[in-house]
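**Q** I'd like to go over a predicted model; first the sequence, then the structure.
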Amino acid sequence: MAWHGFTAAGPAEVGMAVLQGDETPAEVIILAYGMEEGLRGFYETLGSQTPDHEVSALFGKLAGIEVLHKEKLYQLYISYDPGVVDMKGLESKIEVEVMEGGLTTEEFIAQNRSAMKTVSDILDVAMMLEAQALDLYMRYSQKTKDERSKKTLYDIAEEEKAHLAALGNLREART
């Protein structure tokens, strides 16, 4: 899907390159963990590149929250695989760190740099990615039968919703 000049999977297609629909909760957690790391890298990269201090500060805050999401996912994962004794153990299971659109951070930025020229453009793409994350977590929180997984995924979805609102408020204040 192309959205305002950006290349990524659309909300209904998020992660379809890597999700088949029959994943175990542990497999979903592994994928989500990698996506959170990809989005953290995206925020850190663009936050360090923008001269706009307000946008940079927001991206720094969002990058930090993605780290907290990774911690929540790790805590949930060890209930499925108690043999994983630390976050590095979980990270060793991740083949590729992808953003919610299914691309690595570097691939996404390289493919979309020409469409991210203004602060508004950058905020637009961040909003798109947060909307995709929200969709992914909501879908899987509804799909899983495990109550702890359901709650964790739903809670992260709610946090993604708050990220989307914060980005939207900043975007609105800029136009």
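**A** That came through fine. Fair warning: this is a prediction, and the values are worked out from it, not measured in the lab. Numbers count the residues shown, from 1 in each chain.
**Q** give me the element the residue sitting furthest away from the middle of the chain is part of.
**A** In terms of distance from the mean C-alpha position of the chain, residue 83 ranks first, at 25.8 Å (CA atoms, centre = their mean). When elements are assigned from DSSP states H and E, residue 83 belongs to no helix and no strand.
**Q** residues in contact with it?
**A** Taking CB atoms under 8 Å, 6 or more residues apart in numbering, we find residue 83 in contact with residue 89. Yep, even glycine has a C-beta here, placed from its N, CA and C like the rest.
**Q** next one: phi and psi at it?
**A** Phi and psi for residue 83, reported as degrees, to the nearest 10, are phi -70, psi -20.
**Q** for residue 117, same thing?
**A** phi -90, psi -30.
**Q** and for it, the neighbour number?
**A** 10 (other CB atoms under 10 Å).
**Q** so what pLDDT did it get?
**A** At residue 117, the pLDDT value in this model is 82.
**Q** same check, this time on residue 56
**A** For residue 56, the predicted pLDDT is 90.
**Q** enumerate every residue touching it.
**A** Contacts of residue 56 (CB under 8 Å, 6+ apart): 47, 48, 50.
**Q** which of those are buried, as a PyMOL select command?
**A** Restricted to buried positions by 16 or more other CB atoms under 10 Å, the PyMOL selection for the contacts of residue 56 reads:
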select buried, resi 47+50
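**Q** where exactly do the strands run in the chain?
**A** Assigned by DSSP state E, the strands in the chain fall at 2-3, 6-7.
**Q** pull the longest helix from this protein.
**A** Counting residues, the longest helix found in the chain (DSSP state H) is helix 147-174.
**Q** buried set for that helix?
**A** 149-150, 152-154, 156-157, 159-161, 163-164, 166-167, 170-171.
**Q** go on, stretch 132-147?
**A** So for stretch 132-147, counting by 16+ other CB under 10 Å, buried means 132, 133, 134, 135, 136, 137, 138, 139, 140, 141, 144.
**Q** what does stretch 41-60 give?
**A** 41-47, 50, 52, 55-56, 58-59.
**Q** among the residues you listed, which one lies nearest to residue 87?
**A** Distance to residue 87 across the buried residues of stretch 41-60 (CB to CB) is lowest for residue 41, with 15.8 Å.
**Q** for the nearest residue in space to that closest one that is not next to it in sequence, give its distance to residue 175.
**A** The shortest distance from residue 41 to any non-neighbouring residue, by CB to CB, 6 or more residues apart in numbering, is to residue 105 (4.0 Å). Residue 105 sits 27 Å away from residue 175, going by CB to CB, to the nearest Å.
**Q** looking at those two, which one has more neighbours?
**A** residue 105 (20 against 6).
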